[in-house]
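Colleague: This is a predicted model, with the sequence first.
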Amino acid sequence: MKGIHNLLFDLDGTLVDSRETISASLSYALDRMGLPSGIDERIDTVIGTALLDIFCNEYEMGHEQAEIAIDHYRVHYDELRQAGTHIYPDIESVLEHLRKAGFRLYIATVKPTTIAEKVLEDMQLREHFDGVAGSSMGHERRDKSSIIAHALNKFELDPACSMMIGDRGQDIAGARDNGLGSIAVSYGFGSMEELRAAGPDHIVGRATEIATILVPV
């Protein structure tokens, strides 16, 4: 795509299907807090939301309770070591193709940066990316607009030459807030209704279509 040199990718729901890992970790944390989970039926609606907001808004915890729940979540998440997480079909070949075409690839995710780095290493995807920008461990930076702004600043990227690729409406809104174009992927956790309402520049149903848009034949 003419003028685009930098690609910011979301992680969960865009590169990897982490539904089972996140669901198991949330269930573990809620069990430790003495609360019923029921998260499996609506896991797709909360993936991409910061943990603090999940525990406070979905389970009406106070900030102190939520911090304890987050600690339980992260202990179990670390123990699972990505068990139950899978790379979406064709992602690796698409990333290789984009790099060979001259694009610089970055991650912009609501996961804290250190945790996102570990996921990428565990899934053997880290080598494809020039940098990783995530939320702050202290929760100050956790909405997608702030995370994308952080990525642009951290890696000195021109918004006009950059594009965001993600599976939730917040990815598209965050891109727009920061002056980026966007590609929405419908194979992740966001519904088609959510994605269309967000108004991305493109919507694709398969990872290979990302490359088709960005590197026309």
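Modeller: Done, it's in. Numbering: from 1, shown residues only.
Colleague: residue boundaries of the strands in the protein?
Modeller: In the chain, the strands defined using DSSP state E lie at 6-9, 16-17, 86-87, 104-112, 131-135, 162-166, 181-185, 202-204.
Colleague: Serialize these to a markdown table and add fields for distance to Thr49, mean pLDDT and mean neighbour count.
Modeller: C-beta coordinates here come from the backbone N, C-alpha and C atoms, glycine included. As requested, those are arranged in a markdown table below (distance: least, C-beta to C-beta, whole Å; pLDDT from 0 to 100; neighbours: other C-beta atoms under 10 Å):
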| stretch | distance to Thr49 | mean pLDDT | mean neighbour count |
| --- | --- | --- | --- |
| strand 6-9 | 18 | 98 | 26 |
| strand 16-17 | 17 | 98 | 20 |
| strand 86-87 | 21 | 98 | 14 |
| strand 104-112 | 7 | 97 | 24 |
| strand 131-135 | 11 | 97 | 22 |
| strand 162-166 | 13 | 98 | 28 |
| strand 181-185 | 17 | 98 | 24 |
| strand 202-204 | 21 | 98 | 17 |
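Colleague: Output the contacting helices and strands for the lowest-mean-pLDDT helix or strand in the chain.
Modeller: Lowest by mean pLDDT, DSSP states H and E among the helices and strands of the chain is helix 43-46, with a mean of 90. Using 3 or more C-beta pairs under 8 Å, 6 or more residues apart in numbering; DSSP states H and E, the elements in contact with helix 43-46 are helix 19-32.
Colleague: ok, and what's touching the helix it packs on?
Modeller: Outside helix 19-32, the residues that touch it by C-beta atoms under 8 Å, 6 or more residues apart in numbering are 12, 36-37, 39-40, 43-44, 46-47, 54-55, 59, 69-70, 72-74, 76-77, 80, 82-85, 189.
Colleague: Can you say which of those residues are buried?
Modeller: Buried subset of those (neighbour count, 16 or more other C-beta atoms under 10 Å): 12, 37, 39, 43-44, 46-47, 54-55, 59, 69-70, 72-74, 76-77, 80, 82, 85, 189.
Colleague: So which of the residues you listed sit within helices?
Modeller: Those of the buried ones among the contacts of helix 19-32 mapping onto helices are Ile43, Asp44, Val46, Ala69, Ile70, His72, Tyr73, Arg74, His76, Tyr77, Leu80, per DSSP state H.
Colleague: The fifth one contacts Leu52, correct?
Modeller: Which is Ile70. Yes. Shown here, Ile70 and Leu52 form a contact pair, counting by C-beta atoms under 8 Å, at 6.7 Å.
Colleague: Break the chain down into its domains, please.
Modeller: 6-17+86-214, 19-80 (automatic domain parsing).
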